[in-house]
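1. missing the sequence, but the structure's below:
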């Protein structure tokens, strides 16, 4: 009987240690928010860094709710650090005149498959 209890405890203990998407790892996803400012008829008026824009991250690919968010820095840059291997979706909102809410998400999905990875998404352009 003691042998079965030990095996069950060991199995549970090992399965509880499995790392899934999220914080606790050694990888980073970074990028930069860049704004294209349009007028109501669609003419591009200005382009600039997306300072203080909200940037969201979803851990895994089975969830539709964001797990963390941050404000982009003064130059539009952002970094989500200490991530485990797995799939992540990064998104921010841009204006959308046809959308009921007035905005829509611009999203990028990436996969981290090696420890200590740095994934640079480059510019994420938002229409405002």
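-> Yep, it's here. Bear in mind the structure is a predicted one, so any value in this text is a computation, not a measurement.
2. out of the helices and strands in this protein, which is least certain?
-> helix 2-16 (a mean of 47; mean pLDDT, DSSP states H and E).
3. now do the helix or strand following it: which elements does it pack against?
-> Downstream of helix 2-16, the first helix or strand assigned by DSSP states H and E is strand 23-38. Judged by 3 or more CB pairs under 8 Å, 6 or more residues apart in numbering; DSSP states H and E, the packing partners of strand 23-38 are strand 44-49, strand 54-59, strand 77-83, strand 86-95, strand 103-112, strand 118-127. C-beta coordinates here come from the backbone N, C-alpha and C atoms, glycine included.
4. one more time with 6 Å
-> Applying 3 or more CB pairs under 6 Å, 6 or more residues apart in numbering; DSSP states H and E, one finds that strand 23-38 contacts strand 44-49, strand 77-83, strand 118-127.
5. just those: most buried one?
-> Per-stretch averages of neighbours, counted by mean count of other CB atoms under 10 Å, single out strand 77-83 among those, with a mean of 17.
6. contacting residues around residue 84?
-> Residues near residue 84 by CB atoms under 6 Å, 6 or more residues apart in numbering: 19, 21-22, 24-25.
7. dihedrals phi and psi, it?
-> Main-chain dihedrals, residue 84, degrees, to the nearest 10: phi -80, psi 170.
8. any idea how far residue 60 is from it?
-> Distance of residue 84 to residue 60, given as CB to CB, to the nearest Å: 10 Å.
9. now for the two: what residues contact both?
-> residue 21.
10. what is the burial count for residue 22?
-> Look at residue 22: counted by other CB atoms under 10 Å, it has 16 neighbours.
11. let me fix that, I meant to ask about residue 62.
-> Neighbour count for residue 62, taken as other CB under 10 Å: 8.
12. surely it is in a strand?
-> No. Judged by DSSP: H, G, I helix; E, B strand; the rest coil, residue 62 forms no part of a strand; its state is coil.
13. make 43 the first number, not 1, from now on.
-> All right, first residue 43 from here; so that's residue 104.
14. so how far is residue 115 from it?
-> 30 Å.
15. residue 111 contacts residue 95, doesn't it?
-> No. Residue 111 lies out of contact with residue 95 (CB atoms under 6 Å); the separation is 10.5 Å.
16. all good on my end, thank you.
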